[in-house]
Structures are given as C-alpha cells and as structure tokens.
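> A structural model of the following input is requested.
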Amino acid sequence: MAKDNWIAGAVRHKGSLTRAAHKHGKSVLAEARMEAKSSNKKIAARGRLALRFKGKAKHGNIKKHHKKVASKG
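Residues are numbered from 1 along each chain as shown. I've put the predicted structure just below:
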C-alpha cells in the first residue's frame, strides 16, 4: 500500500460507525465523539479515526471523488 493512500487500509469494517450510530439513535459525529472516550481500545480507536477523517474533510485534505469523475468525461 502506498504511503499517500494510508486511508484505504485504515478502515477495516466500512459502515460500522454509521450502523452503531443508527442503533443508538445518534448522529455519526455524536457517536464518534462518544466512542473516542470509550475504555475499549478498539472502539476508542474507531472513534478517534472518525474524528480525524472529519477534520481532514473539513480542511480540504481529502480529494473529492466527484472532481475525478467529472474530469474523465
């Protein structure tokens, strides 16, 4: 895996945070904040990673997929 594409391997179970948020009746962001404080190491890591992704998306560090698709056509 390339160094610049570490995100591709960082998420092992795609959608697990969203499923957990819907199960608890919370938003994904609220669930991530709650999980980041968990005493379970794996759950806490999942919450922290989600918050990191949120920060990267907010600051424009993640390339938008639709820009790639639009440039091909």
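> Find the centremost residue of the protein, please.
What sits nearest the mean C-alpha location of the chain, by C-alpha atoms, centre = their mean, is A50, with 3.7 Å.
> for that residue, what are its contacts?
The contact partners of A50, taken as C-beta atoms under 8 Å, 6 or more residues apart in numbering, are 17, 28, 32, 35-36. Any C-beta I mention is one placed from the backbone N, CA and C, and that applies to glycine too.
> Please apply the same query to K26.
M34.
> Only whichever of the contacts of A50 are buried, select them in ChimeraX.
Of the contacts of A50, the buried ones can be selected in ChimeraX as follows, counting by 16 or more other C-beta atoms under 10 Å:
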select :17,32,35,36
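> the longest helix in the protein is where?
helix 41-58 (DSSP state H).
> hang on, the earlier thing: helices - which of the contacts of A50 land there?
17, 28, 32, 35-36.
> Determine which two of those residues are furthest apart.
Using C-beta to C-beta, these span at most 12.5 Å, a distance reached by V28 and A36.
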